[in-house]
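# structure of the sequence below:
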Amino acid sequence: MPRIFNPVDISKEEKEVRKDYFDRHTPYVICDAYAIEGEKFEVKVRLGNEYNHPDDPDHHIKYVQLWNRETFLAEAHFAPGSLGNKPEQMEVDFYIVPGPVSMNLSAMSVCTKHGLWQSESKEVTVKKR
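Down below sits the predicted model:
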């Protein structure tokens, strides 16, 4: 089982000292707090808030996944050079159709050099039409 890096597992002091490293690898789930049952819902996953991730042949983001609790929803794969071979924040837009129950969305991403990273969860309330 690979080690999964998660921003809540890291001490506040270590986060501050290495904030560029943690920020550029951590996925963030960006979406509304409410969705309508049966209607297309946009979820953006972005790696990093302030710092860009390298896009080199031996150091790049390999894939980004979207999860609802333990249910795998979507995945996007990237080849080296997807960001023009320059450091950038990787962003992916996923579109899902929610069912009748609330969602607890999280994202995972893999850096070819620094492993598997997981976002904090984002609660989404699903309303009936």
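
# this structure: strands as residue ranges?
In the chain, the strands defined using DSSP state E lie at 4-5, 27-30, 34-36, 41-47, 61-68, 71-77, 91-96, 103-111, 115-118, 122-127.

# among those, which is nearest D20?
Closest of the strands of the chain to D20 is strand 41-47, at 12.6 Å (criterion: Cβ to Cβ). To be clear about C-beta, it is placed using only N, CA and C from the backbone, and glycine gets the same treatment.

# pull the residues that contact the closest one.
24-32, 35, 53, 61, 64, 66, 89-98, 105, 107, 109, 117, 119, 124 (Cβ atoms under 8 Å, 6 or more residues apart in numbering).

# residues of that strand that come out buried?
Of the residues in strand 41-47, 41, 43, 45-47 count as buried by neighbour count, 16 or more other Cβ atoms under 10 Å.

# before we move on, the earlier item: need the strands of the chain in JSON lines (columns: mean pLDDT and distance to N85).
Below are the strands of the chain laid out as JSON lines (pLDDT from 0 to 100; distance: least, Cβ to Cβ, whole Å):
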{"stretch": "strand 4-5", "mean pLDDT": "76", "distance to N85": "25"}
{"stretch": "strand 27-30", "mean pLDDT": "97", "distance to N85": "21"}
{"stretch": "strand 34-36", "mean pLDDT": "98", "distance to N85": "36"}
{"stretch": "strand 41-47", "mean pLDDT": "97", "distance to N85": "17"}
{"stretch": "strand 61-68", "mean pLDDT": "97", "distance to N85": "13"}
{"stretch": "strand 71-77", "mean pLDDT": "97", "distance to N85": "17"}
{"stretch": "strand 91-96", "mean pLDDT": "97", "distance to N85": "17"}
{"stretch": "strand 103-111", "mean pLDDT": "97", "distance to N85": "16"}
{"stretch": "strand 115-118", "mean pLDDT": "93", "distance to N85": "22"}
{"stretch": "strand 122-127", "mean pLDDT": "97", "distance to N85": "31"}
